[in-house]
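Q: Below are the sequence and a predicted model for it; my questions follow.
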Amino acid sequence: MMARSKPCPLCGKPPSAAHAPFCSQGCRDRDLLQWLGEGYAIPVSTPPGEEEDGLDTTPERD
């Protein structure tokens, strides 16, 4: 029995071996543009005492 491949994550069409896991260069490029344009993001939790930008703004003591 042959395993079925998952559909293209963007449009749902069958994937192309040349562009896997996408069906075409167009879907592959759309996905890349989403990552580059910050349309996708990996969630992170901010530790207590740090600002959202990840920098601690507490003044240092000498």
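A: Thanks, I have it. Numbering: from 1, shown residues only.

Q: buried sites along the helix or strand where Leu33 lies?
A: Leu33 belongs to helix 25-36 when assigned by DSSP states H and E. Neighbour counts over helix 25-36 (16 or more other C-beta atoms under 10 Å) mark 27-28, 31 as buried. C-beta coordinates here come from the backbone N, C-alpha and C atoms, glycine included.

Q: Out of the residues you listed, the closest to Gly39 would be?
A: Asp31 (9.4 Å; C-beta to C-beta).

Q: Distance check, the residue positioned nearest the centre of the chain against Pro48.
A: Closest to where the C-alpha atoms of the chain average out (C-alpha atoms, centre = their mean) is Tyr40, at 4.5 Å. Distance, Tyr40 to Pro48, using C-beta to C-beta, to the nearest Å: 27 Å.

Q: which sections of this structure are below the confidence cut-off?
A: Residues of the chain that meet the criterion pLDDT under 70 lie in 1-3, 50-62.

Q: Strands of this protein, start to end?
A: Using DSSP state E, the chain contains no strands.

Q: close enough to count as contact, Lys13 and Pro21?
A: No. Contact criterion C-beta atoms under 8 Å: Lys13 and Pro21 do not qualify, at 11.2 Å.

Q: Which one's more surrounded, those two?
A: Pro21 (15 against 12; other C-beta atoms under 10 Å).

Q: residue contacts, the more buried one?
A: Residues in contact with Pro21, defined by C-beta atoms under 8 Å, 6 or more residues apart in numbering, are 5-6, 8-9, 15.

Q: if I look at it, how far off is Leu36?
A: 18 Å.

Q: Please apply the same query to Cys8.
A: 19 Å.

Q: before we move on, the earlier item: hey, C-alpha coordinates of the helix holding Leu33 in CSV?
A: Provided in CSV are the C-alpha atoms of helix 25-36 (Å, rounded to 0.1, in the frame of the first residue of the first chain):
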residue,chain,number,x,y,z
GLN,A,25,6.9,27.6,-7.1
GLY,A,26,4.1,30.1,-6.5
CYS,A,27,2.9,28.6,-3.3
ARG,A,28,6.5,28.1,-2.2
ASP,A,29,7.2,31.8,-2.8
ARG,A,30,4.0,32.9,-1.0
ASP,A,31,5.1,30.9,2.1
LEU,A,32,8.6,32.4,2.0
LEU,A,33,7.1,35.9,1.7
GLN,A,34,4.9,35.3,4.7
TRP,A,35,8.0,34.4,6.8
LEU,A,36,10.1,37.3,5.5
